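Chemist: predicted model and sequence follow; I will ask about them next.
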Amino acid sequence: MDIKVYGIPNCGSVKKAKDWLSQHEIKFTFHDYKKTLIDKESLKRWCKEFGWEKLVNKKGLTWKALPDEVKLKITNDETAIDLMLANNSIIKRPVIESSKINLVGFDEKEYKQLL
């Protein structure tokens with residue numbers, strides 16, 4: 001299974017996911033979207049699969065720092081994608097993509113079951 005992990009290296013959830021995959025000898029490639037930005041097509045694909053509400057990390061500091069008038073404008077895929085393109089730190093991490101399964105966030109039970 002060809003697995004790609006999307007995120008930023010200093011994120012705790014990304015570290016947990018990468019450690020878990022390594023401990024279970026599951027090979028993966030890492031896409032650091034601080035170094036290589038995420039493209040609009042990936043965000044569209046993820047929104048279609050997961051919904052923008054799951055992709056926008058409303059618990060993170062980046063969301064909390066946004067002015068309320070910006071937050072109120074995020075109401076659909078298009079506005080969420082524009083926000084994520086402008087500030088990729090707001091994307092919930094990690095996003096796991098493979099030919100068989102896609103996941104958002106780190107949940108050890110879910111990883112054990114699906115990977």
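Modeler: Okay, I see it. Numbers count the residues shown, from 1 in each chain.
Chemist: tell me which helix or strand in this protein has the weakest average pLDDT.
Modeler: helix 108-114 (a mean of 90; mean pLDDT, DSSP states H and E).
Chemist: okay, buried residues for it please.
Modeler: residue 111 (16 or more other CB atoms under 10 Å). To be clear about C-beta, it is placed using only N, CA and C from the backbone, and glycine gets the same treatment.
Chemist: then stretch 83-93?
Modeler: In stretch 83-93, counting by 16+ other CB under 10 Å, buried: 83, 84, 88, 89, 90, 91, 92, 93.
Chemist: and the nearest residue to the third one once chain neighbours are set aside, how many neighbours does it have?
Modeler: What it means is residue 88. Excluding the flanking residues, the one nearest residue 88 by CB to CB, 6 or more residues apart in numbering is residue 33, at 4.8 Å. By other CB atoms under 10 Å, 18 other residues sit near residue 33.
Chemist: kindly report the same for residue 23.
Modeler: 8.
Chemist: report the two of the buried residues of stretch 83-93 separated the most.
Modeler: For the buried residues of stretch 83-93, the maximum inter-member distance is 15.2 Å, found between 83 and 93 (CB to CB).
Chemist: in helices, which of the buried residues of stretch 83-93 fall?
Modeler: If you go by DSSP state H, those have 83, 84 in helices.
Chemist: nearest to residue 41, of the buried residues of stretch 83-93?
Modeler: Nearest to residue 41 among the buried residues of stretch 83-93, with distances taken as CB to CB, is residue 84, at 12.4 Å.
Chemist: alright, I will stop here.
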